[in-house]
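Colleague: Following is a predicted model, sequence given first.
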Amino acid sequence: MAYTSYKKIDDVGRVVLPKDVREELGLRINDMLRIETENDRIVITKAEESCIFCGKSSGIKRYMGKTVCESCIKKLNKA
Ligand SMILES: [Zn+2]
């Protein structure tokens, strides 16, 4: 669904994502976003979480506050 909204950038550069947009896309607090520029556009997409060690995006878990895959967690536990 197309959505248009006008938002001001605040004095430290922040922009609030409208609640309707967050709900429609299932964005939650602390989700990571990817911000890219495309000519004169800013493209914001939900970043897929990936393992901080190997970069895989499957089997991701939170481990001591970081995103780590299950196989790297096993390796860490053996170390
Ligand atoms: Zn990993």
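Modeller: Perfect, I can see it now.
Colleague: make it CA atoms for all contacts and neighbour counts henceforth
Modeller: OK.
Colleague: where does residue 35 fall, helix, sheet strand or coil?
Modeller: Under DSSP: H, G, I helix; E, B strand; the rest coil, the three-state class of residue 35 is strand.
Colleague: count of residues packed around it?
Modeller: Residues contacting residue 35 under the criterion other C-alpha atoms under 10 Å number 12.
Colleague: same thing with residue 56?
Modeller: 16.
Colleague: Before we go further, it is sitting in a strand, right?
Modeller: No. Using three-state DSSP, the secondary structure at residue 56 is coil, not a strand.
Colleague: now it: how far from residue 50?
Modeller: Distance, residue 56 to residue 50, by C-alpha to C-alpha, to the nearest Å: 5 Å.
Colleague: anything in contact with each of the two?
Modeller: Counting by C-alpha atoms under 8 Å, 6 or more residues apart in numbering, the contacts common to residue 56 and residue 50 are residue 69.
Colleague: Disregarding flanking residues, what is the spatial nearest neighbour of the residue nearest the centre of the chain?
Modeller: Residue closest to the average C-alpha location in the chain (C-alpha atoms, centre = their mean): residue 32, at 1.8 Å. Of all residues not flanking residue 32 in the chain, residue 47 sits nearest, at 5.4 Å (C-alpha to C-alpha, 6 or more residues apart in numbering).
Colleague: didn't the one you found look like it was pressed against residue 34?
Modeller: Yes. Contact criterion C-alpha atoms under 8 Å: residue 47 and residue 34 qualify, at 5.2 Å.
Colleague: can you dump the C-alpha coordinates of the longest helix seen in the chain into CSV?
Modeller: Among the segments of the chain that qualify as a helix by DSSP state H, the longest is helix 70-78. Taking C-alpha atoms only, helix 70-78 is exported to CSV below (Å, rounded to 0.1, in the frame of the first residue of the first chain):
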residue,chain,number,x,y,z
GLU,A,70,23.3,-20.8,16.5
SER,A,71,26.5,-22.4,15.1
CYS,A,72,28.7,-19.5,16.3
ILE,A,73,27.0,-19.7,19.7
LYS,A,74,28.1,-23.4,19.8
LYS,A,75,31.6,-22.5,18.8
LEU,A,76,31.7,-19.7,21.5
ASN,A,77,30.5,-22.2,24.1
LYS,A,78,33.3,-24.6,23.2
